[in-house]
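Q: no FASTA, just this:
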């Protein structure tokens, strides 16, 4: 029985037999992990006239209690994981040279970083490494995650096909995710170590507009009605930005939306001015509003997400305004609504701190 040491840590025992035979050597070993009690790795193989072969197998091991990855990688401290892990690998050395293959399967996985508001549940990773020596996989490797939370954003059913082309290059063949009752897809993208700039377009299909506004921090919103479109995203030198993205309602399909918490838009505008009155009517109308069409433009500056929202429709109730002949404009009145607006076109602009929404800087920070 031998003890295995790594980075001044005892990994556990290795026991079994390495036995000489008439044809060569037979290997039959078992490793019982000390770091992860209950985890077993089985090793068998041999050496004969045709070459050397070695096979390793990790039977399904369930980590029922959360474990801090900081135990193994200090930079990952605070990252809590659990799940079921199984793996296998085979290596052979013949006259044609060495060759090695491997497979990794993670099921029912969970990952949390509480201080960074990151939570992944229902992780399933199925990866076949065709060449362990060069660390290359075949195409169409699979990553799936049932639910995800990044800061204030909540999504689900992430489905990614990928290929490890090189130890420093990951090729994302396709990715799709459910968000706001709709679906977002991306085209292929190659991620390489040392490359600091990436451009990817999010293709959005039938997203619930009210949920989009709520999750992006524009306003508290509810309602029915979907939008479609594309949002170009750029990552450059550690900064995330959005460039001329747009989402629009399907032609011929109306929607209903209720916005609250929009009173903040009136701050800074002197009461009684035309600008204040117009915006007051718009925010009041959007408390219950049916739109014929809607459009949302998405851009960003150095720190903020910038949302430009346009509607054409009408409020679903009388509004608390009356026309003042002496002023030549509407003014707010107390009591029940009096003004019946047959149609109102509305333009609103919202600003949300980008990092407050998704905490992307914290997510990518190393300890």
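A: Everything's here; your move. On a predicted model such as this, the values are computed, not experimentally measured, just so you know.
Q: sec struct for residue 279, please.
A: helix (DSSP: H, G, I helix; E, B strand; the rest coil).
Q: measure it to residue 266 for me?
A: Distance from residue 279 to residue 266, counting by C-beta to C-beta, to the nearest Å: 6 Å. Glycine gets a C-beta too; all of them are placed from N, C-alpha and C.
Q: Could you check which of those two has the larger neighbour count?
A: residue 279 (18 against 15; other C-beta atoms under 10 Å).
Q: The more buried one: what's it in contact with?
A: Residue 279 makes contact with 265, 266, 269, according to C-beta atoms under 8 Å, 6 or more residues apart in numbering.
Q: how much space between it and residue 212?
A: Applying C-beta to C-beta to residue 279 and residue 212 gives a distance of 21 Å.
Q: Repeat that for residue 48.
A: Distance from residue 48 to residue 212, by C-beta to C-beta: 64 Å.
Q: And those two? Which one has more around it.
A: More crowded of residue 48 and residue 212, by other C-beta under 10 Å: residue 212, with 22 against 13.
Q: host element of the more buried one?
A: helix 209-215 (DSSP states H and E).
Q: for that helix, packing partners?
A: strand 220-224, strand 226-236, strand 245-249, strand 255-260, strand 289-300 (3 or more C-beta pairs under 8 Å, 6 or more residues apart in numbering; DSSP states H and E).
Q: tell me the mean pLDDT over the fourth one?
A: Taken as a whole, strand 255-260 has a mean pLDDT of 91.
Q: Could you do the longest one as well?
A: Average pLDDT, strand 289-300: 94.
Q: Can you give me the buried ones in it?
A: The neighbour-count check on strand 289-300 (16 or more other C-beta atoms under 10 Å) flags 289, 291, 292, 293, 294, 295, 296, 297, 298, 299, 300 as buried.
Q: What of the first one?
A: By 16+ other C-beta under 10 Å, the buried positions in strand 220-224 come out as 221, 223.
Q: For that strand, name the packing helices and strands.
A: By 3+ C-beta pairs under 8 Å, 6+ apart, strand 220-224 packs against helix 209-215, strand 255-260.
Q: Now with 10 Å, please.
A: strand 197-208, helix 209-215, strand 255-260, strand 289-300 (3 or more C-beta pairs under 10 Å, 6 or more residues apart in numbering; DSSP states H and E).
Q: The last one pairs with which strands, and in what direction?
A: Strand 289-300 has the following sheet partners, assigned by DSSP bridges: strand 245-249 (antiparallel), strand 255-260 (antiparallel), strand 304-315 (antiparallel).
Q: Among those, which comes closest to residue 61?
A: strand 304-315 (41.9 Å; C-beta to C-beta).
Q: low-scoring stretches of the protein, by residue?
A: Residues of the chain meeting the criterion pLDDT under 70: 1-12, 355-356, 358-367.
Q: tell me the centre residue of it?
A: Residue closest to the average C-alpha location in the chain (C-alpha atoms, centre = their mean): residue 148, at 6.0 Å.
Q: Beta-bridge partners for that residue, please?
A: The partner residues for residue 148, given DSSP bridges, come to residue 120, residue 155.
Q: do the same with residue 299
A: Going by DSSP bridges, residue 299 forms beta bridges with residue 306.
Q: which residues touch it?
A: By C-beta atoms under 10 Å, 6 or more residues apart in numbering, the residues touching residue 299 are 231, 232, 241, 242, 243, 244, 245, 246, 305, 306, 307, 308.
Q: cool, residue 293 as well?
A: Neighbours of residue 293 in contact, by C-beta under 10 Å, 6+ apart: 225, 227, 248-255, 310-313.
Q: Could you identify the most distant pair in those?
A: Most distant of the contacts of residue 293, by C-beta to C-beta, are 252 and 310, 17.3 Å apart.
Q: Compare neighbour counts for these two and give me the winner.
A: residue 310 (15 against 7).
Q: Please look at the more buried one and residue 292 and confirm they touch.
A: No. The pair residue 310 and residue 292 does not pass the contact test of C-beta atoms under 10 Å, sitting 11.5 Å apart.
Q: just to revisit the earlier point, ok, of the contacts of residue 293, which one's closest to residue 163?
A: residue 227 (32.5 Å).
Q: need the contact list for the spatially closest residue to that closest one that is not a sequence neighbour.
A: Using C-beta to C-beta, 6 or more residues apart in numbering and skipping the chain neighbours, the partner closest in space to residue 227 is residue 247 (3.9 Å). Neighbouring residues of residue 247 by C-beta under 10 Å, 6+ apart: 182, 204, 207, 209, 212, 226-231, 294-298, 307, 309.
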